[in-house]
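A.B. asks: Below is the structure, and that's it, no one-letter string:
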């Protein structure tokens, strides 16, 4: 995300929304929905470069990501707790749960309203494996999502909203209305449809991961649950399923 202009807004006037999901959870489509609101700025995966720097993990477009995005997690955290660059009232932050390794601090989370986007692990893994072979449980963030859910509950003093991706795809307006109500913001009809194509707010990794969302103009009905054929994917799905089901017990309903 480029920070080209000083913020005219005071940080205490800003509503910061931290949306937590793993990869391939339609999280970028959800970001599009919020970015299409007239009162919102978004930040795409703020800790991606810091996570790559700390872990040293081999990942698609690693060098390009580290060159283009802030890799100092403390600088990222400071910006997350402030106002968005152009002073919008809502600062939507799309976070990947697997980026939240122990070396990255959590104090900035106190300044945010938190929400969780979940998806059945079979859908996540079928989509992920088309982009990067051999995903493990640590690649898809289910363990960290469960941990962050409990931390967000503790910080907020109540259970944060949980949205199941299938429910969102099946009934976008009702689920977005429920999510906005839970986050104590107004629903905007602009969240239901957006222009196709890339955005300046997309991370440089969009070239590898965002082809489908670049073609999209809204949420589409969910396809049938895929049957995983690869034994490795089946094992990871079996590990992730109880974690998905645990958060699904708290999911919003229209």
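C.D. replies: Right, received. Where do you want to start? Please read these numbers as outputs of a predicted model, since none were measured by experiment. Numbers count the residues shown, from 1 in each chain.
A.B. asks: going forward, measure contacts and count neighbours with C-alpha atoms only.
C.D. replies: Fine.
A.B. asks: Pull the contacting residues for residue 236.
C.D. replies: 136, 137 (CA atoms under 8 Å, 6 or more residues apart in numbering).
A.B. asks: Just to be sure, it is in a strand?
C.D. replies: No - with DSSP: H, G, I helix; E, B strand; the rest coil as the criterion, residue 236 is assigned helix and is not in a strand.
A.B. asks: which residues in the stretch 151-254 of the chain form strands?
C.D. replies: 162-164 (DSSP state E, counting those that start in this stretch).
A.B. asks: all helices for it, in order.
C.D. replies: 165-170, 172-183, 206-209, 211-215, 231-248 (DSSP state H, counting those that start in this stretch).
A.B. asks: Report the buried residues of the fourth one.
C.D. replies: Read it as helix 211-215. For helix 211-215, a neighbour-count test (16 or more other CA atoms under 10 Å) marks 213, 214 as buried.
A.B. asks: before we move on, what about the last one?
C.D. replies: Of the residues in helix 231-248, those buried under the neighbour-count criterion (16+ other CA under 10 Å) are 233, 234, 236, 237, 239, 240, 243, 244, 247, 248.
A.B. asks: got these as TSV, with pLDDT columns?
C.D. replies: What follows is these, written out as TSV (pLDDT from 0 to 100):
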residue	pLDDT
233	96
234	96
236	97
237	97
239	97
240	97
243	98
244	98
247	98
248	98
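A.B. asks: The spatially closest residue to residue 155 that is not a sequence neighbour: neighbour count?
C.D. replies: With sequence-adjacent residues excluded and distances taken as CA to CA, 6 or more residues apart in numbering, residue 155 is closest to residue 110, at 6.4 Å. For residue 110, the count of nearby residues is 12 (other CA atoms under 10 Å).
A.B. asks: I'd like the next helix or strand past the host helix or strand of residue 28.
C.D. replies: Residue 28 is located in helix 27-35, with elements delineated by DSSP states H and E. Using DSSP H and E, the next helix or strand after helix 27-35 towards the C-terminus is strand 40-44.
A.B. asks: next SSE after that following strand?
C.D. replies: Under the assignment DSSP H and E, the closest C-terminal helix or strand after strand 40-44 is helix 48-55.
A.B. asks: what's the model's confidence in that next one, averaged?
C.D. replies: What helix 48-55 shows for mean pLDDT is 97.
A.B. asks: Please point out which parts of that helix sit buried.
C.D. replies: Quick answer for helix 48-55 (16+ other CA under 10 Å): 48, 49, 50, 51, 52, 53.
A.B. asks: which residues touch the third one?
C.D. replies: The neighbourhood of residue 50, defined by CA under 8 Å, 6+ apart, consists of 66, 70, 71, 72, 73.
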